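Colleague: output the structure for:
(one chain, ligands or ions: 1)
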Amino acid sequence: MNFDLIIRGGTVFTPGGPAQGDVGVRNGKIAALGVVNGDAAEVYDARNLTVLPGCIDEQVHFREPGPTHKEDLESGTRGAVLGGIVTVFEMPNTDPSTTTVEAINDKIRRATGRAWTDFAFYVGASPENADELGMLERLPGCCGVKMFMGSSTGTLLVADDENVARVLKSGTRRVTVHSEDDMRLQERAAMVAGGADVSMHPEWRDVETAVRSTQRLLALARAAHRRVHVLHVTTAEEMELLAQHKDIATVEVLPQHLTLAAPECYQKLGTYAQMNPPIREARHRDALWAALNAGVVDCIGSDHAPHTREEKARPYPRSPSGLTGVQTTVPVMLNHVAEGRLTLQRFVDLMSAGPARIFGIAGKGRVALGYDADFTVVDLKAERTITNDWIASRAGWTAFDGMSVTGWPKATIIRGHVVMRDDELLNKPIGTAVRFQETL
Ligand code: DOR
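Modeller: Residues are numbered from 1 along each chain as shown. You can find the predicted model right below:
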């Protein structure tokens, strides 16, 4: 047998662009490209399909361990592979927070044998562990430090300049940041504290809240000579600012912020549109697209936050913030491709090459000889409707319920294992920890 798997006759997205041909896989790696002769244990017929490098989601919340939330690493990653995602980076705002060696090791132990995707975990920054982050960020299976400058779900918070500077001084890898100014959030909390309509969410957590934090972050990062990755950017004003700091700052945007807009989203979805930072008016959505097309945006993540219907039914602001998303990112973004908002080449740049470059992922994010045989096989012409009953997350809902899309993930292949095909799970959870160039 020459190969373990041959993917035959697809349009394959190589670094040179789309090319008609085959992919040969041996020992989990890409071993041949072009016209691949020889036999294989398994052949995947990719005629009329497009073979993309595996899509990576660098921001998910699966909440394991923790008694308060229902998602876990199995159900979270199951949703991921059904949605065409091959690798996830999981956030540290769990209960208790992921801030220690033991907590990271515990997550890796729980993921092994249960995760459908490959995975890595962020270590959460806090004033207590700030001086140890240089050690913690180098643990196997750790994708780096996550710092919350504004409070969101959970208790992780590094609010003031002095502690932000301490975090930025500790260690060398890129620091990933939730950028909202917590002092301003606290000052304005009275606006909603006694109960308010959820459409007040972007008034409380306003544009200035985001801009002020990102300004502070960029100044402190420059002073510390430290790279930062700014998550879920939502405002036109921040994009202008970030465009002036591309030497040190990478940028993530979310499908939610690119697709939905206030006030309509709150009228239609109520608390199911509530997230941090908030979904804002169309002017900001348009600015995110302009920044995406100008290259200011480096990647797309989901910020998958699996709050249950019961939790979302609480009156605002007691309703928790966050939307599910790990399963819907690929179809929603392929639909934007079909509607001409971005090219498929840019989709690949944002979903695979981008995260690989930002985090220095070893051997992923590219269809090239010697790389991991990770593929998201898509049908660009498939017309489907996203529905709640398709969602594997235990939360069981998506803000995109009822949305008709063109473009759908047909198969998810991880290191040569076909783990999803035609909406069905195959094989078993074979996910393993991602390796990073800086900590090989
Ligand atoms: O809306 C959000 N929910 N934003 C975040 O940053 C955190 C997330 C969560 O963990 O629920």
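
Colleague: helix, strand or coil for Leu5?
Modeller: Here Leu5 is recorded as strand under DSSP: H, G, I helix; E, B strand; the rest coil.

Colleague: briefly note if stretch 276-296 comes near the ligand.
Modeller: Yes. On the criterion Cβ under 6 Å from any ligand atom, stretch 276-296 is in touch with the ligand at Asn276. In this view, the C-beta of every residue, glycine as well, is placed from N, C-alpha and C.

Colleague: report the rounded mean pLDDT for that stretch.
Modeller: Mean pLDDT, stretch 276-296: 98.

Colleague: give the buried residues for that stretch.
Modeller: By 16 or more other Cβ atoms under 10 Å, the buried positions in stretch 276-296 come out as 276-280, 284-285, 287-289, 291-292, 296.

Colleague: reformat those residues as CSV; add secondary structure.
Modeller: CSV is the format used below for the buried residues of stretch 276-296 (three-state DSSP):
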residue, secondary structure
Asn276, coil
Pro277, coil
Pro278, coil
Ile279, coil
Arg280, coil
His284, helix
Arg285, helix
Ala287, helix
Leu288, helix
Trp289, helix
Ala291, helix
Leu292, helix
Val296, coil
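
Colleague: which one of those residues is nearest the ligand?
Modeller: Asn276 (3.9 Å; Cβ to the nearest ligand atom).

Colleague: the ligand contacts on the protein?
Modeller: The chain has residues His61, Asn93, Ser152, Thr153, His178, Met275, Asn276, Asp303, Ala305, Ser321, Gly322 near the ligand, with proximity defined as Cβ under 6 Å from any ligand atom.

Colleague: any chance of the buried residues of stretch 276-296 in a markdown table, with distance to Arg394 too?
Modeller: What follows is the buried residues of stretch 276-296, written out as a markdown table (distance: Cβ to Cβ, whole Å):
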| residue | distance to Arg394 |
| --- | --- |
| Asn276 | 21 |
| Pro277 | 25 |
| Pro278 | 24 |
| Ile279 | 23 |
| Arg280 | 29 |
| His284 | 31 |
| Arg285 | 29 |
| Ala287 | 34 |
| Leu288 | 30 |
| Trp289 | 32 |
| Ala291 | 34 |
| Leu292 | 31 |
| Val296 | 35 |
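
Colleague: residue of the stretch 301-440 of the chain closest to the ligand, please.
Modeller: With Cβ to the nearest ligand atom as the measure, the residue in the stretch 301-440 of the chain that lies nearest the ligand is Gly322; the distance is 2.9 Å.

Colleague: burial of the closest residue to that residue other than its chain neighbours, as a residue count?
Modeller: Excluding the flanking residues, the one nearest Gly322 by Cβ to Cβ, 6 or more residues apart in numbering is Ala305, at 2.4 Å. Ala305 is flanked by 27 other residues according to other Cβ atoms under 10 Å.

Colleague: how close does Ala305 get to Val60?
Modeller: Separation of Ala305 from Val60 (Cβ to Cβ, to the nearest Å) stands at 8 Å.

Colleague: what residues are up against Gly402?
Modeller: Neighbouring residues of Gly402 by Cβ atoms under 8 Å, 6 or more residues apart in numbering: Thr385, Ile386, Thr387.

Colleague: these two touch, right, the second one and Asp401?
Modeller: If I follow you right, that is Ile386. Yes. With contact defined as Cβ atoms under 8 Å, Ile386 and Asp401 form a contacting pair (6.5 Å).

Colleague: for the record, mean pLDDT for the helix or strand containing Phe119?
Modeller: When elements are defined using DSSP states H and E, Phe119 is found to belong to strand 118-124. Averaged across strand 118-124, pLDDT comes to 98.

Colleague: elements contacting whichever helix or strand comes after it?
Modeller: The element immediately downstream of strand 118-124 (helix or strand, assigned by DSSP H and E) is helix 133-136. Counting contacts by 3 or more Cβ pairs under 8 Å, 6 or more residues apart in numbering; DSSP states H and E, the secondary-structure elements packed against helix 133-136 are strand 142-148.

Colleague: Pro409: which of the contacts of Gly402 is nearest?
Modeller: The shortest distance between Pro409 and any of the contacts of Gly402, using Cβ to Cβ, involves Ile386 and amounts to 11.8 Å.

Colleague: burial count for that closest one?
Modeller: Using other Cβ under 10 Å, Ile386 is surrounded by 21 other residues.
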